[in-house]
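Q: Fold the following.
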Amino acid sequence: MARHKRPGPTDRELAILGVLWQRGPSTVREIHEALHPDSETGYTTTLKLMQIMAEKGLLSRKDAGRRHIYKPAISQEQTQKQVVGDVLERVFAGSAEKLVMRALSAKKVSTKELKRIREMLDQIEGA
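A: So this is what the prediction gives:
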């Protein structure tokens, strides 16, 4: 029997989560202004999306008088693992080697990043 996973966050949901991971708990107004400072995107669009995210379990909400304070329900690391796992399965047929090779060839990797990657590989091999 196939396991049903909760679908990963959409691009717009990731943008909201990104603001919350950076700023910490925030109101809809604060998120909306951070994402759309000069845009014609309506406040109610941001509000509705955040309500849907709360229903999906991506955000938690606390009432503070007439304001609602939202925060991520899952960590940035958990979200990244979920998204990478989804890409790994859908795009690379489960091949971590292909994923890593494509990631490393997609853009220039700094010496510092390469060192950290080598250290991680050494830890994995030693485990």
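Q: Just the helices from the protein, written as ranges.
A: 11-23, 28-35, 43-56, 76-92, 96-106, 111-126 (DSSP state H).
Q: So what touches the fourth one?
A: In other words, helix 76-92. 5, 8-9, 14, 17, 21, 72, 94-96, 98-99, 102 (C-beta atoms under 8 Å, 6 or more residues apart in numbering). Bear in mind the C-beta positions are built from the backbone N, C-alpha and C, glycine included.
Q: so which of those residues comes closest to residue 124?
A: Of all those, residue 124 sits closest to residue 96, with 10.5 Å by C-beta to C-beta.
Q: What's the local residue count around the closest one?
A: 10 (other C-beta atoms under 10 Å).
Q: swap in residue 64?
A: 10.
Q: Give me the distance between residue 90 and residue 83.
A: 11 Å (C-beta to C-beta, to the nearest Å).
Q: Of those two, which one has the most company?
A: Neighbours per residue (other C-beta under 10 Å) separate residue 90 from residue 83, with residue 83 holding more: 13 against 9.
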